[in-house]
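Asker: What follows is a predicted structure for the sequence shown.
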Amino acid sequence: MTQPTFWQVARRPQWIAALLAVMAVAAAFAFLGKWQLERAVISGQNIDHQTETVVPLSTLAKPGGIVDERAAGHLASVTGALDRSSLVILSDRMNGGQKGYWLVGRVTTQDGALADALGWGPTLEAVTSVRDRMASEIGDASLGNITGRFMPSEAPAIPASGQNPFSMTTMSVPALFNVWSANDQDIYTGYLVDAIAPEGLVKIDSAPPVSDSTYNWLNIFYAIEWLSLIHI
């Protein structure tokens, strides 16, 4: 009796079913290995919850001083008054995945001058309308409490070809204070992302900083184990 060839055996329904079962198991092991690796990466990114406690800005930074790792991204409060004549619009600012515009202004505090990112709008017309309204309103000259996330200055950017040469796209504190009229106050080298947007604008996205920490090696071990099972 003639022995069946390899391909004749391989085409039998039971062997095809066995092959499909092995492929399904291998795919499951690969998925579990990928999941374990993702868990290791996620667990290695820890939010420093201390940054989510609002503290006086004076405890984080001083005018003229650097914005160090402890201060960057920390929620802070400061007593100050917004200079409504200082309102400036920044373009090409992302918020919730959508490009738009920021309205920023200078806040006068007891210790120094502070740049404040007030809010975001989807169109230049919308932000310009809010700026013009705020500039025309009789502002309260008294000091008030301002809360937000304290951030380091961004680097200045040269306007692209065809853009208004005077347009600003980055939250560069030095560039802003070059635009604003000079005064005798010292200047904070960081800026505040305001926790409350003016009427007509949207609060600017301000996620807490993520600090890298040790990866979860147990998850990585399990991932390697799952992947090794595919080759057994």
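Answerer: Structure received. Residues are numbered from 1 along each chain as shown.
Asker: got the contact list for residue 177?
Answerer: Residues in contact with residue 177 (CB atoms under 8 Å, 6 or more residues apart in numbering) are 106, 113, 115, 187. All C-beta atoms are positioned from the backbone trio N, CA, C, and that covers glycine.
Asker: run the last query once more with 6 Å
Answerer: Going by CB atoms under 6 Å, 6 or more residues apart in numbering, residue 177 touches residue 187.
Asker: What are the boundaries of the strands in this structure?
Answerer: 45-47, 55-56, 75-95, 98-109, 113-121, 144-152, 187-194, 210-212 (DSSP state E).
Asker: is it possible to export these to CSV including mean neighbour count, distance to residue 203 and mean pLDDT?
Answerer: Shown next, in CSV, are the strands of the chain (neighbours: other CB atoms under 10 Å; distance: least, CB to CB, whole Å; pLDDT from 0 to 100):
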stretch, mean neighbour count, distance to residue 203, mean pLDDT
strand 45-47, 12, 19, 48
strand 55-56, 12, 20, 96
strand 75-95, 19, 9, 95
strand 98-109, 21, 11, 96
strand 113-121, 24, 6, 97
strand 144-152, 18, 10, 96
strand 187-194, 23, 8, 96
strand 210-212, 11, 20, 60
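Asker: With distance to residue 135 as extra columns, can I get those in CSV?
Answerer: Converted to CSV, these look like this (distance: least, CB to CB, whole Å):
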stretch, distance to residue 135
strand 45-47, 38
strand 55-56, 29
strand 75-95, 5
strand 98-109, 10
strand 113-121, 12
strand 144-152, 18
strand 187-194, 17
strand 210-212, 37
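Asker: Indicate which one of those is closest to residue 64.
Answerer: Each of the strands of the chain has some distance to residue 64 by CB to CB; the shortest is strand 187-194, at 6.7 Å.
Asker: Would you mind getting the angle between the closest one and strand 75-95?
Answerer: When axes from the mean of the first three to the mean of the last three CA atoms, to 10 degrees is applied, the directions of strand 187-194 and strand 75-95 differ by 70 degrees.
Asker: re earlier: figure out which of the strands of the chain is closest to residue 69.
Answerer: strand 210-212 (8.8 Å).
Asker: Might you list the low-confidence residue ranges for this structure?
Answerer: For the chain, the stretches flagged by pLDDT under 70 are 1-12, 15-16, 18-49, 138-142, 159-166, 182, 210-232.
Asker: Enumerate every residue touching residue 173.
Answerer: Residue 173 makes contact with 115, 153, 189, 191, according to CB under 6 Å, 6+ apart.
Asker: Make a markdown table out of those residues and add distance to residue 69.
Answerer: Converted to a markdown table, the contacts of residue 173 look like this (distance: CB to CB, whole Å):
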| residue | distance to residue 69 |
| --- | --- |
| 115 | 20 |
| 153 | 15 |
| 189 | 14 |
| 191 | 17 |
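Asker: Closest one of those to residue 66?
Answerer: Out of the contacts of residue 173, the member with the shortest distance to residue 66 (by CB to CB) is residue 189, at 6.4 Å.
Asker: can you tell me which residues contact the closest one?
Answerer: By CB under 6 Å, 6+ apart, residue 189 lies in contact with 67, 153, 173.
Asker: Thanks a lot, catch you later.
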